[in-house]
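*Asks:* need a 3D model of the following:
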Amino acid sequence: MRTLRRRATLLLAIGAVLGPAALALPIVAGALGVLDWAEAVIATAVLLLGGLVCVLGLALWSLRGSVRALSVAVAGSARGVTEVLGRDRLEITRSLDGVAERLTRLQDHALPRVSREIQRAVTVQGRHDYEQQVAWAELRAYLDAAPFMPPLRGWAASPDVLRLLVRLIDRHRPELVVECGSGASSVWLGYALRRAGTGRLVAIEHEERYADLSRDLVAAHDLDDLVEVRYAPLTEVEPNLAGEASDGPDESRPLWYDLSRLDDLDRVGLLFVDGPPQATGAQARYPAVPALLPRLTDDAVVVLDDADRPDERALGERWVREFGLLRAEEPLEKGAHVFTRRSP
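*Replies:* Coordinates of the predicted model:
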């Protein structure tokens, strides 16, 4: 490409020198009388036309070289692009092969396992839903409850654990039922006590606003004579009620209901432990037994809800180990453990 430019430059230089001299010849010849002026003009025009043809030929020759050089460059670039695309295509092919292999493994192993797990979960949930519907229908029919009852399940106790508590009330006819927590279950237990014809319920609530809401709910069902919702804020328990946690500093002690609000409770025949919430601390429900065990009758029954959770299972094992209680597990939706004293 450089050689071509050098040659073109040389030819242009020669043309720049010889061109004007050639154009001057006819004029000189005309002046000397060798040619008349008409012939001199024609000769000059012919020389100009020849010069233009030469310049055009030179331009075409230069253009041809440029085109040839461009063709070579384009061919080289095309080869480079082809090589790059080939490498990319090979990498993409390999990646797709890896994806296909992973999809095959997923299809052969992971998907069947996930499908089985989903099917099992749906089956279990369906069974739970059916059992709760049956328990709900049985509770309504047995207790002759009001047409519009507060909903159960979710944060509230499930119908199956309420059915268990109603059976225990009918069997033991307790003078006093204490519920750790309050809400919809307080109303259902109030109907159970009304049907039994004996006993009363004290529901303990650590949130004053929820205590007021529970009282309104109880009053709406005309159960004020049987159900008392008592506000007892959470406070640090004494070391003797904290169990193993009492070995640490004071701030590590668990929180439980203010015992000063429970001084008058005595001869508790049924204790339903459904609070405080798990979010208030580790094994938040543990103090229920050490705090209230002296106030329980000899044949009293303690029911722990949500016993399928690790915290509740662990504190239940502590109750058995530290207080010599007997435990029976009920296969309910959230799990429930029933504790009784050992026979003398």
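*Asks:* any idea how far residue 305 lies from residue 256?
*Replies:* 16 Å (Cβ to Cβ, to the nearest Å). Any C-beta I mention is one placed from the backbone N, CA and C, and that applies to glycine too.
*Asks:* ok, the residue nearest to residue 135 when sequence neighbours are not counted - contacts?
*Replies:* Distances taken as Cβ to Cβ, 6 or more residues apart in numbering place residue 159 nearest to residue 135, at 3.6 Å, with adjacent residues excluded. Going by Cβ atoms under 8 Å, 6 or more residues apart in numbering, residue 159 touches 132, 133, 135, 136, 139, 152, 153.
*Asks:* just to check, residue 192 is in contact with residue 163?
*Replies:* No: Residue 192 is not in contact with residue 163 according to Cβ atoms under 8 Å; the separation is 9.8 Å.
*Asks:* what about these two, which has more around it?
*Replies:* Taking neighbours as other Cβ atoms under 10 Å, residue 192 and residue 163 compare with residue 192 leading, 25 against 21.
*Asks:* secondary structure element holding the more buried one?
*Replies:* In this structure, residue 192 sits in helix 184-196 according to DSSP states H and E.
*Asks:* other SSEs contacting that helix?
*Replies:* When contacts are defined as 3 or more Cβ pairs under 8 Å, 6 or more residues apart in numbering; DSSP states H and E, helix 184-196 sits against helix 111-143, helix 159-172, strand 176-180, strand 200-205, helix 208-220, strand 227-231.
*Asks:* weakest of these in terms of mean pLDDT?
*Replies:* The stretch with the lowest average pLDDT out of the helices and strands packed on helix 184-196 is helix 111-143, scoring a mean of 72.
*Asks:* what ranges do the strands span in the stretch 201-344 of the chain?
*Replies:* 227-231, 234-236, 255-257, 268-273, 296-305, 326-330, 336-340 (DSSP state E, counting those that start in this stretch).
*Asks:* name the residues of the last one that are buried.
*Replies:* By that I understand strand 336-340. 336, 337, 338, 339 (16 or more other Cβ atoms under 10 Å).
*Asks:* contacting residues around it?
*Replies:* 161, 164, 289, 299-305, 307, 312-313, 316, 319-320, 325-330.
*Asks:* one more time with 7 Å
*Replies:* 161, 164, 301-305, 307, 316, 319, 325-330 (Cβ atoms under 7 Å, 6 or more residues apart in numbering).
*Asks:* surely residue 151 meets residue 184?
*Replies:* Yes: under the criterion of Cβ atoms under 7 Å, residue 151 makes contact with residue 184 at 6.3 Å.
*Asks:* so between the two, which is more surrounded?
*Replies:* Ranked by neighbour count (other Cβ under 10 Å), residue 151 and residue 184 place residue 184 first, with 19 against 11.
*Asks:* what's the pLDDT at residue 1?
*Replies:* So, for residue 1, pLDDT stands at 53.
*Asks:* domain parsing of the protein, as residue ranges.
*Replies:* 2-87, 144-340 (automatic domain parsing).
*Asks:* looking at those domains, which is buried most?
*Replies:* With neighbours defined as mean count of other Cβ atoms under 10 Å, these peak in mean count at domain 144-340, which reaches a mean of 18.
*Asks:* closest to residue 87 out of the contacts of strand 336-340?
*Replies:* For the contacts of strand 336-340, the residue nearest residue 87 by Cβ to Cβ is residue 307; the value is 62.5 Å.
*Asks:* out of everything not next to it in sequence, what's closest to the closest one?
*Replies:* Counting by Cβ to Cβ, 6+ apart, the residue nearest residue 307 is residue 335, at 3.8 Å.
*Asks:* who's in contact with the one you found?
*Replies:* By Cβ under 7 Å, 6+ apart, the contact set of residue 335 is 306, 307, 308.
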